[in-house]
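[1] build me a model:
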Amino acid sequence: MEQKTFITTGRRKQAIARVRLTNGSGNIIINKKKIEDYFPYLILRNIIKKPINKVSQDNKYDIKINVKGGGFKSQAESIQLAISRALCNFNFEYRKNLKKEGLLTRDSRVVERKKPGKKKARKSFQFSKR
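    So this is what the prediction gives:
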């Protein structure tokens, strides 16, 4: 069996994830740590593993991930997008299932900038009549 490697990028808010997907035994390494050490919360690990579970290839690929920026949630979602893209490059037949679940769509929402004369982007200071 030849060793295929695919490198893809995923983004969400300020987080950027670079994923290297190869044939293997199901190891997931994030910033040189095991997934359990980097993401202690089960919900975030499930977000990352969702594309692999959707194509029913749980222990078939080794994944090495470099991620920076953003918070835990946006890092997990950027990793999810990058893994989905890598799986599509690996086997084009996976695309249908991943697309149906919305895993190939980049979530482009970011924080709105603060406006002058306002407390936040839209929130105003309390108005006093007198």
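[2] what are the buried residues along the longest helix along the chain?
    Once the chain is assigned using DSSP state H, the helix that runs over the most residues is helix 72-90. Across helix 72-90, burial judged by 16 or more other C-beta atoms under 10 Å covers 74-88, 90. C-beta here means a position set from N, CA and C on the backbone, and glycine is covered the same way.
[3] for Gln75, what are its contacts?
    The neighbours of Gln75, taking C-beta atoms under 8 Å, 6 or more residues apart in numbering as the test, are Arg12, Ala15, Ala17, Val67, Gly69.
[4] beta-bridge partners for the second one, please?
    Spelled out, that is Ala15. Per DSSP bridges, the residues bridged to Ala15 are Arg12.
[5] and it, how many neighbours?
    Other residues lying near Ala15 total 21 when counted by other C-beta atoms under 10 Å.
[6] quick thing: my sequence starts at 31, can you match it?
    With 31 as the first residue, the last one maps to Ala45.
[7] so it sits against Leu111, correct?
    No. The criterion here is C-beta atoms under 8 Å, and Ala45 misses it with Leu111 at 9.9 Å.
[8] from the buried residues of helix 102-120, pick the one nearest Pro146.
    Ser104 (27.0 Å; C-beta to C-beta).
[9] report the contact partners of that closest one.
    Arg42, Lys43, Gln44, Ala45.
[10] and what of Gly40?
    Contacts of Gly40 by C-beta under 8 Å, 6+ apart are 46-47, 49, 107-115, 136.
[11] let's see 7 Å
    By C-beta atoms under 7 Å, 6 or more residues apart in numbering, the residues touching Gly40 are Ala47, Val49, Ser108, Ile109, Gln110, Leu111, Ala112, Arg115.
[12] will you turn those into CSV that also has distance to Ile82?
    Shown next, in CSV, are these (distance: C-beta to C-beta, whole Å):
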residue, distance to Ile82
Ala47, 15
Val49, 11
Ser108, 16
Ile109, 11
Gln110, 10
Leu111, 13
Ala112, 12
Arg115, 13
